[in-house]
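Participant: 3D, please:
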Amino acid sequence: MWKYVTPGIPDQMFETLPGIPLTKKEVRLLLISALRMEANSVLWDIGAGTGTIPVEIGLLCPNSNIIAVERDEEVLRLIKQNCDNFGVKNVTILEGNAPECLAEILLKPNRICLEGGKAIKGILEIIWQYLQPEGRVVVTANNLESLYKISESFAQLQARNIEVVQSGVNRLETIGIQQTFVAMDPIFILSGEKL
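Facilitator: Model (predicted):
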């Protein structure tokens, strides 16, 4: 389905469900860059949603192990369908609520992707315990409160090499008979390393 070796699969190529967030292509590119994957990394994608990150990483790093964690059974089927559609074979899908279900995962991560969530600070502190030394966490925030909680957690956890990027993306879209630029919601992408 995706014949290229670079990431950036168009959003419309993914199967979706109403109300289930899809990480937009431009944000996915920033997340993938921030993860700094190695050929055989173990990635935990917590709150995997439609599975866009596991699919893109699975194609980019076929020797990596990706664990997609999601709590909703219908969304789990969606992740599996998207992986199957793109021929991605290195994704394991785990049903459960984070952080409680994380103890079930045998492979410990050296990369973690965590996109939002109400209890972001508590989850971040728990996943940090599972992260291998020199591992990397990438977290997103779409509001000031989450940004503050993540920043505070990184400081308390003594994360190193912290980076923060705010996306500001406009897309050309056709509205009626005119083409116009439409702004996507800005999002903060924070990353840090465990030393």
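
Participant: make it CA atoms for all contacts and neighbour counts henceforth
Facilitator: Noted.

Participant: Checking the residue nearest the centre of the chain next. Helix, strand or coil?
Facilitator: The chain has residue 113 as the residue nearest its centroid, 4.4 Å off, counting by CA atoms, centre = their mean. Assigned with DSSP: H, G, I helix; E, B strand; the rest coil, residue 113 falls in the strand class.

Participant: from memory it sits against residue 139, does it?
Facilitator: Yes - counting by CA atoms under 8 Å, residue 113 does reach residue 139; the two are 6.0 Å apart.

Participant: Would you mind measuring from residue 101 to residue 65?
Facilitator: Per CA to CA, to the nearest Å, residue 101 is found 18 Å from residue 65.

Participant: what are the ranges of the helices in this structure?
Facilitator: Per DSSP state H, the chain carries helices over the ranges 25-35, 52-60, 73-85, 120-130, 144-156.

Participant: Give me the contact list for stretch 55-71.
Facilitator: Outside stretch 55-71, the residues that touch it by CA atoms under 8 Å, 6 or more residues apart in numbering are 5-9, 32, 37-49, 51, 54, 76, 82-83, 86, 88-98.

Participant: What degree of burial does residue 60 show, as a neighbour count?
Facilitator: Residue 60 has 18 neighbours, counted by other CA atoms under 10 Å.

Participant: An error on my part: the question was meant for residue 50.
Facilitator: 27.

Participant: For residue 189, give me its contacts.
Facilitator: Going by CA under 8 Å, 6+ apart, residue 189 touches 30-31, 138-141, 164-167.

Participant: Lovely, talk soon.
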